[in-house]
Structures are given as C-alpha cells and as structure tokens.
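> Fold the following for me, if possible:
(chains A and B)
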Amino acid sequence: AQSVTQLDSHVSVSEGTPVLLRCNYSSSYSPSLFWYVQHPNKGLQLLLKYTSAATLVKGINGFEAEFKKSETSFHLTKPSAHMSDAAEYFCVVTTNSGYSTLTFGKGTMLLVSP
Amino acid sequence: NAGVTQTPKFQVLKTGQSMTLQCAQDMNHEYMSWYRQDPGMGLRLIHYSVGAGITDQGEVPNGYNVSRSTTEDFPLRLLSAAPSQTSVYFCASRQGGARTEAFFGQGTRLTVV
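Have a look, this model is predicted:
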C-alpha cells in the first residue's frame, strides 16, 4: 500500500523569497517519488523524480527536493520564487515492486505575490 | 513527437448519454492510465493497462469502461453519464518499470448536465 500527504493545500510567498512545499509519503516497498506541476488549464509536467539514487534531486526551473527516509518526506524547495511559479504542485509516489500505480497527493496551490 | 494526445478537449453531455474519450501515445509505452481530477482531490486513478489486451481497475472505476487493443490507444468509455462524472480527465503513459515517470495528455474537461 502507498499514500501521499501534502501538508498544505495553499502556500503564499512573495516574489524572490524561498519556496517550501511539504510532502510525506507511506510505502510498503522502496518508493519512487515525483513532483509534478500544473499551470492553470494545462496538463501535468514533471519537475523532478527520486528513484533510489542520490537523495538530493535537482529538477527544472531551479526546484529541488530531498528524499529523507527516516522522516518519510520529500519536500520541494526553491531558493527564490518567480511569478511564473504560481501553479498547483502534486507529490506522487509509486513503489519499486513490479508494476505499481501512481498515487497522487491532493495538491498544493502556490501563490506568488509581487 | 506528439507524446500523449487526448480528444476532445471539452465536452458537454446530458445525463444518461454515453461517449468515448480518446487517448493515443506515440512513445511505445507499455503502461497507460486514466485519471480524473476534482478540486481538492488530486488525481484519482480510474483504470489502467499494462499492455495490449490487459486492463485493470483503479480507485474509482464505477461508470467507466476501457479496452486496449493496441499499444498506442486507450479509450475511456462513459456508459451512462451522470453529473458526478463532471470532472477533468487525464490520460497518461509510462514506459515499463517501476521507476519511470508518467507523461500526461492535456486533459478533457467534461460537464454532465
């Protein structure tokens, strides 16, 4: 069994300040974890993924995430927010056991103010 | 390279009508899935397929039907539309293997009145 909890439904930041979007997961097997971004009325785009290699993962547009097994967390960060980062972000888990479906968190809406 | 293509982009149905949402991928991916997205719910899995001729139910399969006759296509059928099926639907494909990411279509916004 697997599940994902995104701890904040909305996060508001000012442009130029750091971004932190929190994600905790549960998995019966070794997990793979992903962050996707969805801009308004668009499809989902992969930001980054963790698949059991380096625990600090760098993605597109300056985002990165750190896999912490002891805390079962995979938080997404960015040092400096840009207006174009305003979107909904989804944390996703799957297990590394045979075929495993993707389980999505409920999403975090990131609001960026000037 | 088109990736994952969904049609139509928008659809309005009357209660009780049936329709098929089309999904095609040109990446030769083994795995394909259908999700629905509702506000505050994330994406929930409806049905998925691990190869031609093989399908299985996801978290919310009731009222939907799928088949996979080719690697490329994975249509989703609404048998008798209900207002509760008003949602945004996404098709996704993945290469075989647990560590692979999914590629998504642009979505179909369905309204049932």
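
> got the phi/psi numbers for the residue most central in space within chain B?
Chain B has B:Trp34 as the residue nearest its centroid, 2.8 Å off, counting by Cα atoms, centre = their mean. B:Trp34 adopts backbone torsions of phi -120, psi 130, taken as degrees, to the nearest 10.

> Kindly state the beta-bridge partners for it.
For B:Trp34, the beta-bridge partners are B:His47, B:Cys91 (DSSP bridges).

> For B:Gln22, see how far away it is.
Look at B:Trp34 and B:Gln22: by Cβ to Cβ, to the nearest Å, they are 11 Å apart. Quick note: C-beta positions are derived from backbone N, CA and C, even for glycine.

> One more: B:Phe10?
The value you get for B:Phe10 to B:Gln22, if Cβ to Cβ is used, is 14 Å.

> quick one, which of these two is more surrounded?
Legend: neighbour count by other Cβ atoms under 10 Å in any protein chain shown for B:Phe10 and B:Gln22, higher for B:Gln22 (15 against 9).

> Can you pull the residues of chain A lying near chain B?
Within chain A, the positions near chain B by Cβ under 8 Å from any Cβ of the partner chain are A:9, A:32, A:34, A:36, A:42-46, A:49, A:51-52, A:90, A:94-107.

> buried set for stretch B:58-72?
Neighbour counts over stretch B:58-72 (16 or more other Cβ atoms under 10 Å in any protein chain shown) mark B:Gly58, B:Val60, B:Pro61, B:Tyr64, B:Val66, B:Arg68, B:Thr71, B:Glu72 as buried.

> Give me the subset of the residues you listed lying in strands.
In strands, defined here by DSSP state E, the members of those are B:Tyr64, B:Val66.

> Need the buried residues of stretch B:58-72 in TSV (columns: pLDDT and distance to B:Tyr48).
Formatted as TSV, the buried residues of stretch B:58-72 follow (pLDDT from 0 to 100; distance: Cβ to Cβ, whole Å):
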residue	pLDDT	distance to B:Tyr48
B:Gly58	92	6
B:Val60	96	12
B:Pro61	96	10
B:Tyr64	97	12
B:Val66	97	8
B:Arg68	97	9
B:Thr71	95	14
B:Glu72	96	16
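
> And for B:Ser87, nearest residue in space, chain neighbours not counted?
Spatial nearest neighbour of B:Ser87, chain neighbours left out: B:Arg36 (4.3 Å); criterion: Cβ to Cβ, 6 or more residues apart in numbering or on different chains.
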